[in-house]
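Colleague: Have a look at this fold, sequence not included:
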């Protein structure tokens, strides 16, 4: 037989091989369907004994998520997945997602769309009220990772042992994030700080800081002693300011 | 340091405030005469306050309330000097006084630990089975790849729905389900129904984040994952529904009514900007009654179409009518 010159016999053979291939896949699909049903039963059993554990215990949730990740399963991918339906993990995280979005939106005018994980945590807990389940910072991170799919710029930036959560589609490259990390200590940076710590040229430092200003993430303080301070509202809430109600503000005045 | 639960009259919560942490106020009976010496000789107050700097007050209050309701100490024998000399009874631990309480707490802790470790054990077993499913799906995916074209549409759909149930990413395309599952098709149709009115109220366009919040708040339970929403929206156009998904250059995703023509809105945006001379996204958003996110996208689109040009300074991004175009 020459290649490219199939006889009727060889065509028949090829067809038979193909058919056999289809049958093999069908077999496996049937097998998967059966195993899926079995797994569903196992999961139901697990849920009946330990569903509460997932809801009440943030530690357990972390373990659960890590194990899923290790084997290549995403229990939060769909509300229609078994994990979500039977363990209720889905609703917990998806609702948390809504709460995170609302908090970020409410505070955006103040911090430009950048907030520390701590502050986000506090605000979310406040919003959830007295009778809601406790959520951990790990829970928040996982919920935020899922929110990225919605396209509106959710990002997680590691800074000094914690994280900054970005909730607007501002362009932040490596230069920007490293300056944010530098600012974390005091809540502000100066051009000199940046040049000294990162060994950058003046122009590069200035451009990065100006970009943060333009994006509304930094505020310019020209009255600071020495040179101009670039403050990050996302960072200085804890360090320097206190939220007061209008009443308290009135009372504070002489 | 410990106080007998039987000393408690009632408890109340004090919410956290500015500069003060959440507290639980525990009102106590007068101290019994044979009380052990404590940190203070006496106190004017008949209550103590437990301060929760971080969290935990919800859980603590709940458990304490439970104990106050059950009043288990009333089922225990009152502390008698005879009993403490006898030591632990075989088979049953008599809980007496503070030592008894501590022992009971220890038992409870051990039991909780046992529950947790049982939960972890069961979880590990479950994960082993889940891993088998992952392996099986990989092997099927390989078969499908090899026999490209010989797998029926039907079988592909079945396979995708199995992956969806397990939360396994499609090993062939690497995307989590993409389009094509029944679930997402149904969801798309539902969304078209739910979103029609809200879209009309908001000028025909909403960001996907807004949609996510709106839909999930309305559902209350059996919520959609972000991926569910995106995958359903990707099918809107194909299913010829009256809404569509649109992705701007910035990556921002919106849902628009089919009847909504963003390019036409740009024309009216240009008018607004011209009237005011120049506008930032925030100013424009306020004038028109849109979210800043969508306002910015509209102005950027106008710029892309050549109607506006920008002045990007540290004072913000400001848009002006593009006079280069209109005046020559």
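Modeller: Good, I have the coordinates. Computed from a predicted structure; not experimentally measured.
Colleague: how close does residue B:241 get to chain A?
Modeller: Per Cβ to the nearest Cβ, to the nearest Å, residue B:241 is found 19 Å from chain A. C-beta coordinates here come from the backbone N, C-alpha and C atoms, glycine included.
Colleague: quick one: low-confidence ranges for chain A?
Modeller: A:1-25, A:236-254 (pLDDT under 70).
Colleague: neighbours around the residue of the stretch 151-254 of chain A found nearest chain B, how many?
Modeller: Nearest residue of the stretch 151-254 of chain A to chain B: residue A:151, at 3.7 Å (Cβ to the nearest Cβ). Residue A:151 has 21 neighbours, counted by other Cβ atoms under 10 Å in any protein chain shown.
Colleague: nearest residue to it other than its sequence neighbours?
Modeller: Using Cβ to Cβ, 6 or more residues apart in numbering or on different chains and skipping the chain neighbours, the partner closest in space to residue A:151 is residue B:253 (3.7 Å).
Colleague: Check whether that neighbour really touches residue A:148, as I assumed.
Modeller: No - contact status for residue B:253 versus residue A:148: not in contact, 11.3 Å apart, counting by Cβ atoms under 8 Å.
Colleague: higher neighbour count, those two?
Modeller: In this view residue B:253 and residue A:148 are compared by other Cβ under 10 Å, and residue B:253 has more residues nearby, 21 against 14.
Colleague: what sits against the residue nearest to residue A:151?
Modeller: Residues in contact with residue B:253 (Cβ atoms under 8 Å, 6 or more residues apart in numbering or on different chains) are A:150-152, B:207-208, B:230, B:233, B:245-247.
Colleague: Identify each buried residue in stretch B:275-287, please.
Modeller: B:278-281, B:283-285 (16 or more other Cβ atoms under 10 Å in any protein chain shown).
Colleague: can I get those in JSON lines with secondary structure and distance to chain A?
Modeller: Output for those, formatted as JSON lines (DSSP: H, G, I helix; E, B strand; the rest coil; distance: Cβ to the nearest Cβ, whole Å):
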{"residue": "B:278", "secondary structure": "coil", "distance to chain A": "16"}
{"residue": "B:279", "secondary structure": "strand", "distance to chain A": "16"}
{"residue": "B:280", "secondary structure": "strand", "distance to chain A": "10"}
{"residue": "B:281", "secondary structure": "helix", "distance to chain A": "10"}
{"residue": "B:283", "secondary structure": "helix", "distance to chain A": "13"}
{"residue": "B:284", "secondary structure": "helix", "distance to chain A": "15"}
{"residue": "B:285", "secondary structure": "helix", "distance to chain A": "11"}
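Colleague: quick check, nearest of those to residue B:114?
Modeller: The shortest approach to residue B:114 among the buried residues of stretch B:275-287 belongs to residue B:285, at 56.8 Å (Cβ to Cβ).
Colleague: still on that earlier bit, got a PyMOL select line for the buried ones in the contacts of residue B:253?
Modeller: Of these, the buried ones can be selected in PyMOL as follows, counting by 16+ other Cβ under 10 Å:
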select buried, (chain A and resi 150+151+152) or (chain B and resi 207+208+230+233+245+246)
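Colleague: Select from the contacts of residue B:253 the entry with the lowest predicted confidence.
Modeller: pLDDT is lowest at residue A:152 among those; the value there is 77.
Colleague: distance between the ends of stretch A:75-92?
Modeller: 12 Å (Cα to Cα, to the nearest Å).
Colleague: is that stretch anywhere near chain B?
Modeller: Yes - legend: contact between stretch A:75-92 and chain B by Cβ under 8 Å from any Cβ of the partner chain is shown at A:75-85, A:90-91.
Colleague: State the distance from residue B:228 to chain A.
Modeller: For residue B:228, the distance to chain A - Cβ to the nearest Cβ - is 5 Å.
Colleague: so who does that residue touch?
Modeller: Applying Cβ under 8 Å, 6+ apart, we find residue B:228 in contact with A:78-80, B:183-184, B:187.
Colleague: how does it look with 6 Å?
Modeller: A:78-79 (Cβ atoms under 6 Å, 6 or more residues apart in numbering or on different chains).
Colleague: How far does the helix or strand harbouring it sit from its chain's centre?
Modeller: Assigned by DSSP states H and E, residue B:228 belongs to helix B:226-234. Chain-centre distance of helix B:226-234: 17 Å, with Cα atoms, centre = their mean, to the nearest Å.
Colleague: for the chain, what spans make up the strands?
Modeller: Looking at chain A here, since you left the chain open. Assigned by DSSP state E, chain A shows strands spanning A:114-116, A:155-159, A:162-166, A:188-189, A:219-221, A:229-231.
Colleague: ah, no, chain B please
Modeller: Ranges of strands in chain B, per DSSP E, are B:8-14, B:22-28, B:47-52, B:205-207, B:243-247, B:253-257, B:279-280, B:308-313, B:316-321.
Colleague: Which positions in the stretch 1-150 of chain B make contact with chain A?
Modeller: Listed as neighbours of chain A in the stretch 1-150 of chain B under the rule Cβ under 6 Å from any Cβ of the partner chain: B:119, B:122, B:126-127, B:129-131, B:133-134, B:136, B:140, B:143, B:147, B:150.
Colleague: ok, now with 8 Å
Modeller: Applying Cβ under 8 Å from any Cβ, one finds that the stretch 1-150 of chain B approaches chain A through B:13, B:15, B:18-19, B:55, B:58-59, B:115-116, B:118-120, B:122-124, B:126-127, B:129-134, B:136-137, B:139-140, B:143-144, B:146-147, B:150.
Colleague: what residues are up against residue 52?
Modeller: By default, I'm working from chain A. Taking Cβ under 8 Å, 6+ apart as the definition, residue A:52 has no contacts.
Colleague: The chain in question should be chain B.
Modeller: With Cβ under 8 Å, 6+ apart, residue B:52 has these contacts: B:16, B:21-24, B:60.
Colleague: Kindly recompute the last result at 6 Å.
Modeller: Contacts for residue B:52 (Cβ under 6 Å, 6+ apart) come out as B:21-22.
Colleague: Good, we can wrap up now.
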